[in-house]
Structures are given as C-alpha cells and as structure tokens.
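Novice: Quick check, what structure comes out for this input:
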Amino acid sequence: MADPRPGTRALADSALGVLGIELVLVADDRTVLRMPAPTHADRGALLVLAESAASTAAGHAVGPRRRAFGAELDASFLLEPGHPLVGPVLAEATPLVTEGHRHTWRITVTDATGERALESRCTLGIVDAPT
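Specialist: Model prediction:
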C-alpha cells in the first residue's frame, strides 16, 4: 500500500524495498521491522534497519500533519566480527523521548535465535508536513 502523505513513495521503491525490509508492527509503544540477515560484509544494512524502525515509529507517533527526519544515529554492534547472523533479523524501536520537535528512540536488533546484534539510539527532528 502506498503512503498517502504527499512527497512519499512506496516501500518497494526505496532502500527499504531493496534490502527487503518489512513492517511487522507499528504501535504507539513499539515498532518492529524485519529483514533478511545480512552477511558480515553488509552489516551496515543493520544501521539502515535501525534508523528505519525509529523513523517509522516517530512518523506513526506524530501523525500525518508532521514529519520525522533523522538527526543522529548512535549504534553499537554487539557481535564479534565474523559472527554469523541467523535470519531474518528484527529491529524493535521503543520511545525514550517523544515530545515537541525531538524524538529519541531505542532500537534493538536481534537475529532469529534472539541474539542481540545491535543496540542503537536514534534522535529525530519533528517538523510540520508540507501543505
């Protein structure tokens, strides 16, 4: 389904579509996204997944009249280099601060065995949507 907000495009036409990122759950208290497990060389895709989870969560929280945009992403890879991920991987975003013109979300990425692969914090700016 296409996003009805002006200036947006379908997930399949974005980096999310290329990486195979899917929305699993979008709720007020948490958002979950899923994607196939990347190889060791492609672990940067976990950063895209984490930021996407936070942006999706913030977009849901602010509603159609406002927009969220990434301002800062802090992430720690928790697995040793070369440790394989068992896919698919899940990113769960939960709110830390959701007030005014700034949101901060905590994102935990786990593989199919439940092993934590990444812990992240993403801060987003919130602005009025273009009319």
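Novice: what bits of this protein have low per-residue confidence?
Specialist: 1-11, 40-41 (pLDDT under 70).
Novice: all strands of it, in order?
Specialist: For the chain, applying DSSP state E gives strands covering 22-26, 31-35, 66-77, 89-99, 102-110, 116-128.
Novice: Out of the ones you listed, which gets nearest to residue 47?
Specialist: strand 66-77 (5.8 Å; Cβ to Cβ). C-beta: built from backbone N, CA, C; applies to glycine.
Novice: helices or strands up against the closest one?
Specialist: helix 44-62, strand 116-128 (3 or more Cβ pairs under 8 Å, 6 or more residues apart in numbering; DSSP states H and E).
Novice: And the nearest residue to residue 55 once chain neighbours are set aside, how far from residue 14?
Specialist: Distance criterion Cβ to Cβ, 6 or more residues apart in numbering; nearest residue to residue 55, sequence neighbours excluded, is residue 68 at 5.6 Å. Distance from residue 68 to residue 14, counting by Cβ to Cβ, to the nearest Å: 15 Å.
Novice: go on, residue 91?
Specialist: On the measure of Cβ to Cβ, residue 91 and residue 14 end up 16 Å apart.
Novice: Identify the residues contacting residue 48.
Specialist: Contacts of residue 48 were listed using Cβ atoms under 8 Å, 6 or more residues apart in numbering, and they are 15-16, 19, 21.
Novice: and if you look at residue 68?
Specialist: Applying Cβ under 8 Å, 6+ apart, the residues near residue 68 are 55, 58-59, 61-62, 103, 124-126.
Novice: now those residues in a markdown table, with neighbour count and distance to residue 46?
Specialist: Converted to a markdown table, these look like this (neighbours: other Cβ atoms under 10 Å; distance: Cβ to Cβ, whole Å):
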| residue | neighbour count | distance to residue 46 |
| --- | --- | --- |
| 55 | 20 | 15 |
| 58 | 27 | 19 |
| 59 | 22 | 20 |
| 61 | 20 | 23 |
| 62 | 19 | 25 |
| 103 | 24 | 20 |
| 124 | 26 | 18 |
| 125 | 14 | 23 |
| 126 | 19 | 25 |
